[in-house]
Structure formats: structure tokens, C-alpha cells
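> sequence first, then the predicted structure, then my questions.
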Amino acid sequence: MLPAISVVVTTHNQSEALRRHLPQILEQEYDGGFEVIVVDINSTDDTLTYLESLEGTYTNLRVISTPDSARNISKLRMALTLAFRTANNEWVMVTQADCEPSSPHWLTSMGKACQSEETMMVLGYTRYADGKGWLWLRYHFMRIWQQMLHLQWTKTHPAYRCDGTNLCYRRSFFLNHKGFADDSNLQLGATDIMVNHNSTLANTQYVACPEAIVMQDTPRYYRKWLQERTFFMETRRHFHNRMAYCMHYLREPLVTWVPTILMLTTMVWGIMNGNIVAPIAVFTLWLALIAYQTYRINKQFAAMGEQPIWGVMPLLLHLVLVWDIGAWLSWLFTNRQTFQKKYI
């Protein structure tokens, strides 16, 4: 029997996003019964006016607002804590205003994973909405790439992190483990830290089927995307098993870069010594390896319901490490106070 679910949507000045996406959440086809709680974080646009207009149409919609200030917790943590405490159901699904399910059976796909009494959290997969151009491909690829690695890790270890736009969590487990009490002064990373600190192999499930995917609006500006990745660099400092996961994560970029460096080194040596046989042989082997990697990664993407990326996949695989170093440098030169809640 499918459990009843409370879907929590946090929002701040996102009335346009709510107009596009909220109806797809409210109109889910789910036999277990569900409510939708929209938590407004001090919006100054017409968010509340729009939500009030929906309450007469959708009886499963509830709207709550956060206090104007919170001294000991970030506003996002306050919003989510209020939602968990006021939810009417044991299972709470967390998402955001700029997200919508890819299917009317999203809740059903996630709810099936919640039926076991041992399960305390169910991790879902979120991708950016379809777009065009190099920046979109960059955002799109990196998100699939990172969640692919999370999924691999979760099969044999407690979850390292989650996507806070597609997370189902037991309300009683949340309350018993003091919710977001850990590192409550951080502005972002609430759900990531909560999952990282409380996940075990036995209590966590991961759902990556196409019907369980959530689609999120693509960032309009590169700066916003970089800022999110920079903030995550701070969040991960508070994770358990950080070094072990970093080794798992770095394995793939090294599989790409080590053969490339060897190939380039051999080619330079061959040119300098007038030997073209060795460079040609090494280059051929390198091409075969890159082709195999492209096939292998695309096979894993397909298992997550994603379309394959062929022509530029070798370039993207090499750029992963470059982009990660860029995010790390951005974090390194950012004032630490930037990541903390600003008390007012």
C-alpha cells in the first residue's frame, strides 16, 4: 500500500516559476493520498496572491510563511523545518518552486520505495530542463555526471549527498534526529548534510527510473551555476566519509586524463626522436579507450533515462576536472563569512 505523502515546495519571489510548475505537482496521479505544502520565504512579489488563488481550486494545497527573521538557523532551514513539523503525513517529499515532475506518476515511483519499514529516506534524480547551447550542455552534463557517481556510491555505501529538489524523508526520523541541527549556520546544504549524517546502507534507497525524474529550470547565468558549486565546496567540508568519496569521484577523471597525458608525452617524444611508430600506436590505443569510455558513460546515462551524448563526450570528460578545479578555486578565494547565515 502506498504511503500518504506531504510534498514541500520552498519558494522566495518565484511566482512565475510557481505558475509554470506547481500545477504539475498538485495534479499528480497518486493512490496513496498527498498534500502539497508551499513554504513562502518572505516573498515581496505576488507569490502569496497567486497561491491564495489556487487554494480555492486545490483542496490538497496548504500555504505557510516563515517568520521575518530567525536568529539561530538559515531561512531555508527554517522553511523546511516548519514544513516537516506541520506536515500531516509520515513521508515528506522536498522540492523547489523552479522544479516540476517529468511524469504524473512521479509520486507513485517514489512512494513505492517508501513502503519498507526500514527505509528512512528515498533519494531521487533531478536534471535540468532541455535547452540549447554550450552553457546548457555544460550544466546538463555535470549534473548527470555527479548524480551518476552518487548512485554508484549509494549501491555499496551510505549516501554521500542528495539532490534537495527530489528527496523523500520520514518525518519521524527527521524529528528524532533533530532535523537540520547540524551546521545550522550554513546558508545552503541543509538536505545534503542531513542525508550525509543520517544515511545507512539499510535505511536509504535511490530511485533513478525515468518516471521519478524531476526537471529543474536551467540557470540563466553562469555566475549562478558557479555560485551553487562554490557553496557546495563549503558544504562538503562538513560531510562524513569525504575523503573516501573524493577518491571514488576522482577515479573517473584520472581514467581520462592519465592516458591522455601519456599519449601526448609519447607523441612529443616521438617527434623529437624521429620515431612515429610509437606515437601512432599509443594514439590508436588512446582513441580506443576514449571510445570505450564514451560508450560506458552513455550506457550509465541511459539507465538513468537520459539521452546519450556522443560527439563532444570526450571533451566533456576531460573538462570535468577543469571545472571542478575552477569551483574549488572560487571557494578558496571566497570569504568564509559568505557561506554563513547573516544575522539581522
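Sure, I can see it.

> going by C-alpha atoms from here, please, whenever you check contacts or count neighbours.
Noted.

> and the helices in the stretch 201-344 of the chain?
222-235, 242-273, 277-303, 313-332 (DSSP state H, counting those that start in this stretch).

> and the pLDDT at the residue nearest to the spatial centre of the chain?
By Cα atoms, centre = their mean, the chain has its centre lying nearest to residue 163, at 2.9 Å. Residue 163 is assigned a predicted lDDT (pLDDT) of 92.

> could you measure from it over to residue 250?
According to Cα to Cα, to the nearest Å, residue 163 stands 20 Å off from residue 250.

> repeat for residue 236
15 Å.

> looking at the two, which is more packed in?
Higher neighbour count among residue 236 and residue 250: residue 236, with 17 against 12, using other Cα atoms under 10 Å.

> how many residues are close by the residue lying closest to the more buried one once chain neighbours are set aside?
Nearest residue to residue 236, sequence neighbours excluded (Cα to Cα, 6 or more residues apart in numbering): residue 242, at 7.1 Å. Residue 242: 14 surrounding residues under other Cα under 10 Å.

> most distant residue from the centre of this protein?
Largest centroid distance in the chain under Cα atoms, centre = their mean is residue 274 at 50.2 Å.

> surely the residue nearest to residue 236 meets residue 233?
No. Counting by Cα atoms under 8 Å, residue 242 does not reach residue 233; the two are 11.3 Å apart.

> coming back round to it: my read is that the residue nearest to the centre of the chain contacts residue 192, right?
Yes. Using Cα under 8 Å, residue 163 makes contact with residue 192 at a distance of 7.3 Å.

> need the overlap of contacts for these two.
By Cα atoms under 8 Å, 6 or more residues apart in numbering, residue 163 and residue 192 have no common neighbours.

> from residue 20, how far off is the nearest residue to residue 267 once chain neighbours are set aside?
Leaving aside its sequence neighbours, residue 267 sits nearest to residue 279 (Cα to Cα, 6+ apart; 4.7 Å). The gap separating residue 279 from residue 20 is 55 Å, by Cα to Cα.

> neighbour count for these two, which is higher?
When neighbours are counted by other Cα under 10 Å, residue 279 comes out ahead of the other of residue 279 and residue 20, with 20 against 13.

> so who does that one touch?
263, 266, 267, 270.

> so what's residue 230 up against?
With Cα under 8 Å, 6+ apart, residue 230 has these contacts: 327, 328, 330, 331.

> out of these, which is nearest to residue 210?
Comparing these against residue 210 with Cα to Cα places residue 327 closest, at 29.5 Å.

> model confidence score at that closest one, please.
So residue 327 comes in at 95 (pLDDT).

> with the one 4 residues further on instead?
Confidence per residue is given as pLDDT, and for residue 331 that number is 95.

> if we ignore the residues flanking it in sequence, what's nearest it?
Nearest non-adjacent residue to residue 331, counting by Cα to Cα, 6+ apart: residue 230, 5.1 Å away.

> separation between that neighbour and residue 223?
10 Å.

> mutual contacts of the two, please.
Joint contacts of residue 230 and residue 223 (Cα under 8 Å, 6+ apart) do not exist.

> thought residue 135 was touching residue 223?
No. Counting by Cα under 8 Å, residue 135 stays clear of residue 223, with 11.2 Å between them.

> compare those two (neighbour count), which wins?
residue 135 (16 against 10).

> OK, contacts around that one?
Neighbours of residue 135 in contact, by Cα under 8 Å, 6+ apart: residue 222.

> next structured bit after the host helix or strand of it?
According to DSSP states H and E, residue 135 maps onto helix 133-154. Sequence-wise, the next helix or strand downstream of helix 133-154 (DSSP H and E) is strand 167-170.

> that next one pairs with which strands, parallel or anti?
According to DSSP bridges, strand 167-170 has the following sheet partners: strand 91-96 (antiparallel), strand 121-123 (antiparallel).
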